[in-house]
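> show me how the following folds:
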Amino acid sequence: MKIETHQKVAEIEVSYRPSISNKPIIKTSLDSYTELINFYSSETISLQEKFIAMYVNRCNRVIGVYELSKGGITGTVVDIRLLLSVALKTVATSIILSHNHPSGNLKPSKQDIDLTQKIKAAADLMDIKVIDHIILGTNEFSYYSFADEGIM
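Residues are numbered from 1 along each chain as shown. Modelled structure (predicted):
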C-alpha cells in the first residue's frame, strides 16, 4: 500500500495601490509636527505616552501614519520589527518617528536617544532612512526635532 503525502505551499500575491496623490510633502520638522499632532488626542497628550511613525516615499510625500504603541505616564514600548514591517509593506523609503512627553518636558531622555539610534541602525540595513524623531509637548507648536538639533 502506497501512501502519498501532498503538501501545498501557500501562494503569495503582491499588489501595490497607493493613494497618495493628495497627501502632504514633508520638507521641515514643522511640517512633520503639523501632520503628526493630528494623531495625538488633546485629551490624553498630557496623560499617556504614544509612539507614532509616519512613513514617506522618495519625494517625502506621506504614505501613511501608524500608531505603534500606547503606554503609560512615563513611557511606552516600541517593537522595531513591527515598525519596519509596516515600512516594508507600504514601500516607504523613509520614516519619521514621534512620541509625546506627557510631562511637557521636550528634552529627549537617554532612552529616547538610544532607541532612535537602534531604529536608525536597523532601518539602515534595509536602506530605509530615519529622517527625524519628533517629541511632542503638551502646548501648541511645542516640539523637539532630533534632526534640527543635529542628533540624527
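> for stretch 52-63, measure first residue to last.
Using C-alpha to C-alpha, to the nearest Å, the end-to-end distance of stretch 52-63 comes out at 14 Å.
> how about that stretch: buried residues?
Residues of stretch 52-63 classed as buried by neighbour count (16 or more other C-beta atoms under 10 Å): 52-57, 60, 62-63. Where you see a C-beta, it was placed from the backbone N, CA and C, and this is true even at glycine.
> which element is E35 on?
helix 29-36 (DSSP states H and E).
> what packs against that helix?
Judged by 3 or more C-beta pairs under 8 Å, 6 or more residues apart in numbering; DSSP states H and E, the packing partners of helix 29-36 are strand 50-56, strand 62-70, strand 94-100, strand 129-136, strand 143-145.
> JSON lines for those, including distance to L88?
Below are those laid out as JSON lines (distance: least, C-beta to C-beta, whole Å):
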{"stretch": "strand 50-56", "distance to L88": "10"}
{"stretch": "strand 62-70", "distance to L88": "12"}
{"stretch": "strand 94-100", "distance to L88": "11"}
{"stretch": "strand 129-136", "distance to L88": "14"}
{"stretch": "strand 143-145", "distance to L88": "25"}
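> tell me which of the ones you listed lies nearest to K107.
strand 143-145 (7.1 Å; C-beta to C-beta).
> partner strands of the closest one, parallel or antiparallel?
According to DSSP bridges, strand 143-145 forms sheet pairs with strand 129-136 (antiparallel).
> and the strand it pairs with with strand 94-100, angle?
20 degrees (axes from the mean of the first three to the mean of the last three C-alpha atoms, to 10 degrees).
> any stretches of the chain with poor pLDDT?
Low-confidence segments of the chain (pLDDT under 70): 1-6, 12-18, 20.
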